[in-house]
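In: please find the sequence and the predicted model below.
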Amino acid sequence: MRMYDVIERKREGAELTEAQIRFVVDGYVAGEIPDYQMSAWLMAVFLRGMTDEETRLLTLAMMRSGDVVDLSGLPGATLDKHSTGGVGDKTSLAVVPMLAAMAPGEAFVAKMSGRGLGHTGGTLDKLESIPGFNIALTEEEFLETVRAHGGAIIGQTGNLAPADKLIYALRDVTATVDSIPLIASSIMSKKLAAGARCILLDVKVGSGAFMKTVPEAVKLARAMVAIGEGMGRRVSALVTNMDRPLGHAIGNALEVAEVVETLHGRGPADLTHEAVMLAGDLLALSGIAGAEEARARARRVIEDGSAFEKLCEIVRAQGGNDRALRDTVLLGAAPIQRELAAPADGHLTAIDTERVGIASAELGAGRLTLDDAIDHTAGIVLLKNVGDAVRAGEPVAVLHTATEARLADGMRTLSGALAFGDEPPAPAPLLYATVTAEGVTYADEAETA
Ligand code: URA
């Protein structure tokens, strides 16, 4: 088989066979296919698309390029949750301890997370703002922590879907990231390799997400649910709003502090509501509780403090100092904290969420290349959300950073990300749709937060 012919077939829009797809993935991982041919093939896929069957075969080939974690030794349902990436999206930090507290001894959350890159934040960077927290457990330590405490969060092990790592790096520099078959296979190859039987996907849509429209996001969600269900896993997806950051805080320690508030029942309404939906729906997917009962349990573990205590327990088990969660002053604070004021009387009418994420990275909270160091105390706290009334000169956000130069960059970008006007926009839903193996259910007004 020649790579030239496989590229040509895809360029002409033909459906590739299993043997051809495996040839591409295995050949690229083995270093036998050069970057220039792989780039051409990725662009052909980007432009021509893939059938559901091709996407499934690509996912399997990528999953099988490395280790597949065996969670079958855990004595209960194994759960995983994945977000397609957003700004201020700290739900994993809340959902993992919530689930462990909602069904102790029955539900086990073995979560492998990533770092932030570009405008999106990463769960690992947030966790590392807790002094001592270790994201690099061995596989044995990871499984033991999950077994003993009901949950753990670590970095993706080196050999999990290595094909995705290589292909993603190439997509990033060849303008082939935002393709539904390529995103679906990238995410699902890692989720399937991570081993959980029940997987809940949070597919973000809006100005801070890869998917800019609801139909596109639903299409991506359907593709991923079909792939996972086809592999014998229980998979469902929520399509949620990323036209504004989730909660008020963006930046690592600031987000950890907001999760602590949320698990104490004092968090922002949108973040609390989304955490309850995600934890509830994932427990329901496992069959441990029905949908209503599962969401009631999710609310209960916030009210009775058991989710917060579980977060402290998991943090301690992974070497972290839980005193920094009991007194979040110990997470540290940026030396410069400066307000951004509203330019005139009116309303905050829109937020360019991707630019808010970039502003936060410029302040030091994110990295523009993989080698950049993170300032864990840097970031943004939004004091106003879309639709809120503002007075001229009233603070709408507080920027946290270490230097005046970073402040100037972040302030300029954040100012350009916020739009003001006379009339508030119509309220936008938090949840647009739920996608399961049975089909798509569009959300009603009840999910607006
Ligand atoms: N997240 C991934 O892991 N892969 C993609 O392609 C996009 C988002």
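Out: Yep, that arrived. Numbers count the residues shown, from 1 in each chain.
In: can you give me the pLDDT of Ile180?
Out: For Ile180, the model assigns a pLDDT of 94.
In: need the contact list for it.
Out: Counting by CB atoms under 8 Å, 6 or more residues apart in numbering, Ile180 makes contact with Gly49, Glu216, Lys219, Leu220, Ala223. In this view, the C-beta of every residue, glycine as well, is placed from N, C-alpha and C.
In: can you report phi and psi for it?
Out: Backbone torsions for Ile180, taken as degrees, to the nearest 10, come to phi -60, psi -50.
In: what number of residues lie near the residue lying closest to it once chain neighbours are set aside?
Out: Leaving aside its sequence neighbours, Ile180 sits nearest to Leu220 (CB to CB, 6 or more residues apart in numbering; 5.1 Å). Residues near Leu220, counting by other CB atoms under 10 Å, number 27.
In: what about Leu220, which SS state?
Out: For Leu220, the assignment made with DSSP: H, G, I helix; E, B strand; the rest coil gives helix.
In: once you drop chain neighbours, what's closest to Ile419?
Out: To be clear, residue 419 is Ala; Ile isn't right here. Closest residue to Ala419 apart from its sequence neighbours, by CB to CB, 6+ apart: Ala350 at 4.2 Å.
In: give me the pLDDT for the one you found.
Out: Among the per-residue scores, Ala350 shows a pLDDT of 96.
In: give me the element it is part of.
Out: Ala350 belongs to strand 346-351 when assigned by DSSP states H and E.
In: Ala296 too?
Out: Using DSSP H and E, the element containing Ala296 is helix 291-303.
In: return the residues in contact with the residue of the stretch 51-200 of the chain found nearest the ligand.
Out: As assessed by CB to the nearest ligand atom, the ligand sits closest to Ser186 within the stretch 51-200 of the chain, at 3.5 Å. Counting by CB under 8 Å, 6+ apart, Ser186 touches Met62, Asp164, Ile167, Tyr168.
In: surely the first one forms part of a strand?
Out: Spelled out, that is Met62. No - membership of Met62 in a strand is not supported by three-state DSSP, which gives helix.
In: ok, it - contacts?
Out: Taking CB under 8 Å, 6+ apart, we find Met62 in contact with Val25, Ala161, Ala163, Asp164, Ile167, Ser185, Ser186, Ser189.
In: mind putting the contacts of Ser186 into TSV with distance to the ligand, secondary structure and pLDDT?
Out: Shown next, in TSV, are those (distance: CB to the nearest ligand atom, whole Å; DSSP: H, G, I helix; E, B strand; the rest coil; pLDDT from 0 to 100):
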residue	distance to the ligand	secondary structure	pLDDT
Met62	11	helix	97
Asp164	7	helix	92
Ile167	9	helix	94
Tyr168	6	helix	88
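In: which members of those are the farthest-apart pair?
Out: Farthest-apart pair in these is Met62 and Tyr168; separation 10.0 Å (CB to CB).
In: and of the contacts of Ile180, the nearest to Leu124?
Out: Nearest to Leu124 among the contacts of Ile180: Leu220, at 23.5 Å, using CB to CB.
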